[in-house]
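K.L.:
Give me coordinates for this.
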Amino acid sequence: MATAIRYPPTISTSDAIALRLTHKERDLLAFLRQNAGKCLSRDLLLKHVWGYRKGVRSRTLDVHVQRLRKKLGPVEGSRILTVFRGGYLWASGPDEPGLGSVRGEDPDPDTPHSHPFR
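P.N.:
Purely as a prediction, here's the structure:
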């Protein structure tokens, strides 16, 4: 089984609102945030957070992402992006390491690889 990093039972969002999350919600959020700006496949997330083997078909990830988005609220929740046929991605903010331009404009729109989905 995968070893997961645990957040404390209560975490604070960027606007200092305390949230109560389940262990799996905390593990999922931690893994997404540690890999900000990177598209994480369903298989990778299911293996890392739940310890599932590759190829397992489950909707648990989608349900947990939906609940996390709701608990995080419209601003923070919108930072969990769904990448069609790719997985999920945490869009880092301008003050965080990672890909801060995901929610804004591309740093250089003429460069084909400047956007995380290309």
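K.L.:
V49: how many residues sit nearby?
P.N.:
Neighbourhood size, V49 [other C-beta atoms under 10 Å]: 24. All C-beta atoms are positioned from the backbone trio N, CA, C, and that covers glycine.
K.L.:
just to confirm, which helix or strand has D43 in it?
P.N.:
Counting by DSSP states H and E, the element that carries D43 is helix 42-45.
K.L.:
I should have written L89 there, sorry.
P.N.:
Assigned by DSSP H and E, L89 falls in strand 87-90.
K.L.:
So for that strand, mean pLDDT?
P.N.:
Taken as a whole, strand 87-90 has a mean pLDDT of 97.
K.L.:
who does that strand touch, helix- and strand-wise?
P.N.:
Strand 87-90 makes packing contacts with helix 23-34, helix 42-45, strand 80-83 when contacts are defined by 3 or more C-beta pairs under 8 Å, 6 or more residues apart in numbering; DSSP states H and E.
K.L.:
Other residues contacting that strand?
P.N.:
Strand 87-90 is contacted from outside by 32-33, 35-42, 44-45, 61, 65, 79-83, 98, 102, 116, using C-beta atoms under 8 Å, 6 or more residues apart in numbering.
K.L.:
If I look at D95, what pLDDT would I see?
P.N.:
Confidence score, pLDDT, at D95: 60.
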